[in-house]
Each structure stands twice: as C-alpha cells, then as structure tokens.
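> need the 3D shape of this:
(chains A, B, C and D)
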2 protein chains.
Amino acid sequence: MLANLTDHIQKFITLNEADIKLIHSEVVVKFVKKRNYLLEPDHICKEIYFVSKGCLRLYFLNKKLNEQITQFAIENWWMSDYYSLESEKPSSYYIQAVENSEIISIHKNNLEELFEKIPRLERYFRIVQQRAFTAAQKRIEYIYNFSDEERYRNFSARFPDFIQRIPQYMLASYLGFTPQFMSKIRAKKA
Amino acid sequence: MLANLTDHIQKFITLNEADIKLIHSEVVVKFVKKRNYLLEPDHICKEIYFVSKGCLRLYFLNKKLNEQITQFAIENWWMSDYYSLESEKPSSYYIQAVENSEIISIHKNNLEELFEKIPRLERYFRIVQQRAFTAAQKRIEYIYNFSDEERYRNFSARFPDFIQRIPQYMLASYLGFTPQFMSKIRAKKA
DNA sequence: TGAATTTCTTAATCTTGATTCATTTTTCGG
DNA sequence: CCGAAAAATGAATCAAGATTAAGAAATTCA
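Modelled structure (predicted):
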C-alpha cells in the first residue's frame, strides 16, 4: 500500500495531493518472498527500501563466514546500504526478507528527482536519518554497558512481539552472540 | 572561525552571500577550555555543536560509574544529544572538551529559523545525519566482527594522529575495554 | 621547581561467552 | 502427512578480557 509511505511522511511534513501523486509515481512496490534478496554483496545499491509490511534484515558474512545481522527493519522503517548508495561502490551486505514482505522501493535517481520537486522531503529524510543515528548510538551504548545476557533479557522485555516474528538464531546474531549461548540463557530463565 | 562552518556546508550545498551572512548571524562561537562541559546530565540539550577547532567527547556514567565514551568529535564534526534535543527530555550525557576548543553552537530555535529561511540546509543536515548513521553502523559492525585487540590495532593504524591527541584511557573507553587491557596489548606489541 | 593529581603499567585471579560436537525439535515444501 | 532441511538445545572445554590491587610515570599548575 503506497499510502503507508505517504502517511508516514505526513507525520513529519505536510504533503498536498499533488505531492502525494508525485511520490506515488516515483516509487515501486515490490512483493518479496521470505528468504529472497533485495541486495547482495558486490552489487551497487541503487535503491532505498521502505517496509510497508513484513520484515527485512541486513547482514554480512564475517570472517568465520557466519551471518552477522546488523539491522532489522519492520513496518515503517527504511533500509538501505547508504554507503554503497552514496559512493556507488559495491555493497558488502545482504538485504533479505525475513517474512513475505511488501516493500516500497525508491531508486536513487527518483529520490533525487523527488528532492528537487518537493524540497521539504529533505526535511523528512533528515529527521528519519537523525532518528536512525540516535538509535544506532543507543545500540552502541547498550552493547558497551550491558552483558550479552542483559541485552537479551532487555530486548525480550522491550520487544516481545518482535521476537515472535524472527528465528532465535537471528536475534542471537543481531545481539552479537551464539545460538548456543542463547539456549543457555533461556534454559536458565525457566 | 565562522567560515569553517559555512565552508563545510558548501561542500554539500551552495550558499550565496546572503545565506552565509544569515547563518553567521544565527550561530554563536564558544571557546571551551579543556575539561569544561557543553552539556551535563539532567539538562535539556538545546544546541548542536560544530567543532571548528579542538575535540569534544560525549560520554555517560555506566552502572559501575565509569565514564563510557560513545563519541568523539574533531574538526568539522557535529555533536549533540539529538534525542534530548528532539524530545526536550533531560539528557543523560556529558559533552566535554578534550582540548581547548572553538565550537560553533546553534540553538535549536535558530536552527529551525535557518531551516525556514534556507530550506536547502535540510539537505546538508540530511546528508550529515546519513553519514553519521552509516559511521555508527560501521562501528557496530566492527564491534561484532573484531576482538577488542583487533579493534585497537585497527583504530591505531587508521587514526594514528588522533590517538596522539587523547589520553589512552579515553580510547580504551571508546573502544569498550579497560585501560589495563590496553596496556597489556601495547606491551605485547613491543 | 616540586607537590599533587592524572595517567599508565604489571600481575594474579576470575567470569563471560565462544567453540566443538552431538542430539533433539520444529518447520516446510511436495 | 511425511521426509528433509532448518532451528534449537546440551554439555565439556577453552579463550578473551574484567577485576583487583599495587606501584610507576607523566602532567599540571601554583
């Protein structure tokens, strides 16, 4: 649903009918099946993705060839490899659907066109990026200030609904420890 | 020097003479002595800070009442507690000068005024935030993908000049380990 | 310059979470 | 609904880095 996107934008800036039409004309809706990819390593990332429904994860293969998840995106979150997008260098990430998802995709060029025609959109994305940055900082803080076990319990308490949606090993990866350790913690709790 | 700020902005957007005048009229230069604070916990953060010269650090006191540094800012970097700034809730951070510094400060209200008068500034800050977010993500990646020792060696190799500028215990704090462990690593190297 | 404070180092012990490997449980496509 | 693949669990051993407690070196500034 394209309205999900423009509704979200309108939480931050006002859009008139023409703006909305324009935005809808510059984006593409993609239905992505679980386990399918929107981005793979060695490709240049050309689009940014808005999750209208479903869930995406961003990960890379670490030295031991394990998947290391660095972000999830659920409804109303954006996901992209902004570094690859800006620099036009090949990405080293995977962006994969964790669930069957409805994704609103904006091509780099279309986004620039939108910025030209609706300069207020810069404000929307400025705020979105600012919040993303704040969230990332907060996460670094958690990593340094809490043990793995504390972070797991914290996360479970704060996002009980989200942990229902993803396999445990993905949460372990996101939180930076092994599935085995996670089992240990969970066993303890009971 | 106010020009440091407008020069930096002009790396991303073009400004005319009037814009530059206007920006200069809405900002304040602060000379902050080493160890002095721009922000302390329980205060609401009202300003964003651009480092024209010197170095700032952002930190909080963790459970064990140790200082946990989450960011540094050197020349041409911005620093603020964006969460407190946006929400108008009390901060839990310190922003402190690591060296005698020349800081260009913009009050929240003046920034909004600037956004109204120079909408293109939204673009500048959108890009700045996007890069800050990307850097934060990269940092999370490093934390999860490298051991403390590897991160230290990495950092030393990439920013040899910066580590000259700060006490070692601050780097240890930023990298998330103890000064003792850092000594151990350094001794090994020799 | 010299006393006080800050910063850095060393070493012994302890803890958290990784690794390895095997087994069990769950999920999912045909 | 069944078999294969994916996901979760369990236990034993191991390693990275924390903690504690001194003491040494370097800064600072009166």
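> got the confidence number for the residue positioned nearest the centre of chain A?
Centroid-nearest residue in chain A, with Cα atoms, centre = their mean: residue A:73, separated by 3.1 Å. On pLDDT, residue A:73 comes in at 95.
> show me the strands in chain A, by range?
Under the criterion DSSP state E, strands of chain A are mapped to A:27-32, A:37-39, A:47-53, A:56-61, A:67-73, A:78-79, A:94-97, A:101-107.
> quick check: the residue nearest to the centre of chain A touching residue A:97?
No - counting by Cβ atoms under 8 Å, residue A:73 does not reach residue A:97; the two are 10.2 Å apart. For the C-beta atoms, the positions are set from N, CA and C on the backbone; glycine is no exception.
> report the set of residues contacting both of the two.
Common contact partners of residue A:73 and residue A:97 (Cβ atoms under 8 Å, 6 or more residues apart in numbering or on different chains): A:55-56.
> and the angle for the helix of greatest length in chain A with strand A:47-53?
Longest helix in chain A by number of residues (criterion: DSSP state H): helix A:120-145. Interaxial angle, helix A:120-145 versus strand A:47-53 (axes from the mean of the first three to the mean of the last three Cα atoms, to 10 degrees): 80 degrees.
> buried ones in helix A:120-145?
A:121-134, A:136-137, A:139-141, A:143-145 (16 or more other Cβ atoms under 10 Å in any protein chain shown).
> quick revisit: what sits against the nearest residue to the residue nearest to the centre of chain A once chain neighbours are set aside?
Of all residues not flanking residue A:73 in the chain, residue A:79 sits nearest, at 4.0 Å (Cβ to Cβ, 6 or more residues apart in numbering or on different chains). For residue A:79, the contact set (Cβ under 8 Å, 6+ apart) comprises A:48-49, A:51, A:56, A:58, A:71, A:73, A:95.
> repeat for residue A:72
Per Cβ under 8 Å, 6+ apart, neighbours of residue A:72: A:55-58, A:98, A:162, A:166, A:174.
> try it again with 6 Å
residue A:57 (Cβ atoms under 6 Å, 6 or more residues apart in numbering or on different chains).
> hey, what's it bridged with?
Taking DSSP bridges as the rule, residue A:72 bridges to residue A:57.
> please report how far it lies from residue A:141.
Distance, residue A:72 to residue A:141, by Cβ to Cβ, to the nearest Å: 18 Å.
> now swap in residue A:62 and tell me
22 Å.
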